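Undergrad: Model the structure of this input:
(chains A and B)
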Amino acid sequence: MHDKTVRRRRAVLALLVVLSLILLTAYFGEAPSGGLHSVQRGFLTVVAPIQDGANKALKPVRDLFGWFDGMVHAKSQNAQLRKENARLQREVVAEQAEKRSYRELLALFHVDQLGVSAYHPVTATVIGKTPNLWYSTVDIDKGESAGVHENDPVINENGFLVGRVAQTAPDGALVDLITDSSMGVSARVGSSDATGIVQPKVGDPNDLLLTYLPADAQANEGEYVVTSGTVASPDDSLYPPGLVIGQVTSTGEEGGFKSVNVRPIANLHELDIVQVLTSVPGSQPAQLSSLVTSLPSGKQGLAEPSTAGQLASTGAGG
Amino acid sequence: MNGQGVSNGLIVRLAVLSVAVVFFQIGVVSEVPVFGVTVDLSTLLVAFIGLLCGSLVGAASGFAIGLLVDLALVQTLGLTSLVFTLVGYACGRLRELRDPQAALTPLLVGAGASACALVGYSAMEFMLGVDAPVSLQLLRQIVLGIVVNAIVAVPMWLLVRRCLTGGLPKDPRRRRRRAYTTGGLSPLSRT
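TA: Okay, here's the model as predicted:
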């Protein structure tokens, strides 16, 4: 009797482990349009409305926790933000004059640039968030029926970049945040023309790394890192130019390139409302998005500096 | 459990509790960082189901909860299932072999299960080719995750035990132990 129980227990364990391994292998090996991915999308479709309802019902609880958390940090943030505000006001005045000149120059040279105006923002509510170190993703309540497609850029209510759409279902979508290990965004430091790739630092949700910058590129502490929005093939970027990603905290050198530590400016822990920058079929953003979707799946590393620009426009970057 | 039949009542309780905890985790807890990390209630749930119900139910629940997490979060399917199956089984075996009754058991089991889950998950991610260095930051996050989960382990244990108590079958070994502690049936008391 005892032997039978032991055999049964071990058989069940072996069965479950083998089943997990089969699922893992099949899922990892199949294309995003494969059966298991479809089941996952179907599940997302079913649970998205439930999650949405639960999210609304549990908002007071979340707000309560958020209130306590906010109170702890509010005092120290207040003084810092006042200083920041004064500095930004000075900068805005200077930028306005530059912006006018820039527009005049663009018109003069008939240069068209892919900007946020080329996209149609769709406002969505965050209904779920991944809890572990390895994935930084959120579920949102808008999907294909609202015009959301894979690889659409996602910004928060302040216009700061938070991520891109990784998978879609009819009434929901999964967004990879900029701190997710699969992300890479082509970007530049505000004062510099040199572009690099912003990648997450796995294990540190409050830090990003801007890599593959030329060794002589300028990057000062406190400067803003923005999407480069490159439109010169083959370095096309999925993201419109000028979306703020974060602020420079420190710089270093790695393999002949400058690397810059960047603190994300969007509060990724408290995302409630986001905007998905959807694109009109046939437009340049839509073409870029479909190009990326058609590329082979799989996690790609960003080891080759020479391909950094190209990777920035693939699924691993942008 | 332990080869005994599992009642329908227990299955329903497990299912309801699992779904509720996973959605609470995704909808609320994941958005409230504590010391820069988030509490992982699903790992604690699997560990305590194993500790209360035994290895067989622990492993099966771990697989199901892991699958639910992977489906709901659109993660690599099977990864969390594999880790949780092993965590549930290990906690169940702990109960079957040692039946720990100390007040600190939930805290220690919670911390141990979280450590196994975090390290196992990280190891699997590395094997699957995530391009990330094993940095001090990563180790710090793992240690913080274990500490934070250990803090939440005791209230979570009380919740899980309260929810499952009515559905658990009578365990003859536990009855015997209680009888000994009263002194009435202990062989020592007869002398």
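Undergrad: Centre-most residue in the chain?
TA: As the question left the chain open, I've gone with chain A. A:Gly163 (1.8 Å; CA atoms, centre = their mean).
Undergrad: wait, I meant chain B there
TA: Centre-nearest of chain B using CA atoms, centre = their mean is B:Ala47, 1.3 Å out.
Undergrad: And the lowest mean pLDDT element among the helices and strands of chain A?
TA: Least confident helix or strand, chain A: helix A:308-311 with a mean of 39, by mean pLDDT, DSSP states H and E.
Undergrad: hang on, A:Glu270 packs against B:Glu31?
TA: Yes. With contact defined as CB atoms under 8 Å, A:Glu270 counts as touching B:Glu31 (6.9 Å). Any C-beta I mention is one placed from the backbone N, CA and C, and that applies to glycine too.
Undergrad: Now the common contact residues for these two.
TA: A:Gly66 (CB atoms under 8 Å, 6 or more residues apart in numbering or on different chains).
Undergrad: So, low pLDDT: which residues of chain B?
TA: B:1-5, B:130-134, B:169-191 (pLDDT under 70).
Undergrad: what about 80?
TA: B:1-6, B:27-28, B:30-36, B:128-138, B:166-191 (pLDDT under 80).
Undergrad: All the helices of it, in order from the start?
TA: B:8-27, B:41-53, B:55-72, B:79-98, B:105-127, B:136-164, B:172-182, B:187-190 (DSSP state H).
Undergrad: quick one: the residue nearest to the centre of chain B from chain A, how far?
TA: 15 Å (CB to the nearest CB, to the nearest Å).
Undergrad: so who does that residue touch?
TA: B:Val87, B:Gly88, B:Cys91, B:Val109, B:Gly110, B:Gly112, B:Ala113, B:Ser114.
Undergrad: Packed most tightly, which of the helices of chain B would that be?
TA: helix B:41-53 (a mean of 28; mean count of other CB atoms under 10 Å in any protein chain shown).
Undergrad: tilt between it and helix B:8-27?
TA: 160 degrees (axes from the mean of the first three to the mean of the last three CA atoms, to 10 degrees).
Undergrad: Out of the helices of chain B, flag the one nearest A:Glu84.
TA: helix B:136-164 (25.7 Å; CB to CB).
Undergrad: Centre of the chain to the closest one, how far?
TA: 10 Å (CA atoms, centre = their mean, to the nearest Å).
Undergrad: thinking again about what came up before, quick check on A:Glu270 and B:Glu31: which one has the bigger neighbour count.
TA: Per other CB atoms under 10 Å in any protein chain shown, whichever of A:Glu270 and B:Glu31 has more neighbours is B:Glu31, with 23 against 16.
Undergrad: quick one: contacts for the more buried one?
TA: B:Glu31 sits in contact with A:Arg62, A:Gly66, A:Val126, A:Lys129, A:His269, A:Glu270, A:Leu271, B:Thr38, where contact means CB under 8 Å, 6+ apart.
Undergrad: Filter those down to just the ones in helices.
TA: Using DSSP H, the contacts of B:Glu31 in helices are A:Arg62, A:Gly66.
Undergrad: Kindly reformat the contacts of B:Glu31 as TSV containing distance to A:His37.
TA: Output for the contacts of B:Glu31, formatted as TSV (distance: CB to CB, whole Å):
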residue	distance to A:His37
A:Arg62	30
A:Gly66	33
A:Val126	22
A:Lys129	21
A:His269	28
A:Glu270	30
A:Leu271	24
B:Thr38	26
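Undergrad: Considering the contacts of B:Glu31, which possesses the most neighbours?
TA: Neighbour-wise, those (other CB under 10 Å) top out at A:Lys129, 26 neighbours.
Undergrad: still on that earlier bit, would JSON lines of the helices of chain B with distance to A:Ile245 be doable?
TA: Shown next, in JSON lines, are these (distance: least, CB to CB, whole Å):
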{"stretch": "helix B:8-27", "distance to A:Ile245": "26"}
{"stretch": "helix B:41-53", "distance to A:Ile245": "31"}
{"stretch": "helix B:55-72", "distance to A:Ile245": "28"}
{"stretch": "helix B:79-98", "distance to A:Ile245": "29"}
{"stretch": "helix B:105-127", "distance to A:Ile245": "24"}
{"stretch": "helix B:136-164", "distance to A:Ile245": "19"}
{"stretch": "helix B:172-182", "distance to A:Ile245": "57"}
{"stretch": "helix B:187-190", "distance to A:Ile245": "70"}
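Undergrad: ok, of the contacts of B:Ala47, which one's closest to chain A?
TA: B:Gly88 (9.1 Å; CB to the nearest CB).
Undergrad: Tell me who's in contact with that closest one.
TA: B:Val46, B:Ala47, B:Ile49, B:Gly50, B:Ser55, B:Val57, B:Gly58, B:Ala59, B:Ala60, B:Ser61, B:Gly62, B:Phe63.
Undergrad: now do B:Val57
TA: B:Met1, B:Val6, B:Leu10, B:Leu14, B:Ile49, B:Gly50, B:Gly88, B:Gly92.
Undergrad: Could you pull up the contacting residues of residue 43?
TA: All of this refers to chain A. A:Phe43 touches B:Leu71, B:Ala72, counting by CB under 8 Å, 6+ apart.
Undergrad: ah, I was thinking of chain B
TA: Counted by CB under 8 Å, 6+ apart, B:Thr43 has contacts B:Phe84, B:Val87, B:Ala113, B:Ser114, B:Ala117, B:Asn149.
Undergrad: Farthest pair within the contacts of B:Glu31?
TA: A:Val126 and B:Thr38, at 14.4 Å, using CB to CB across these.
Undergrad: re the thing from before, the residue nearest to the centre of chain A: which element?
TA: Assessed by DSSP states H and E, A:Gly163 sits inside strand A:161-169.
Undergrad: Please name every helix or strand in contact with that strand.
TA: helix A:35-57, strand A:137-140, strand A:153-156, strand A:172-177 (3 or more CB pairs under 8 Å, 6 or more residues apart in numbering or on different chains; DSSP states H and E).
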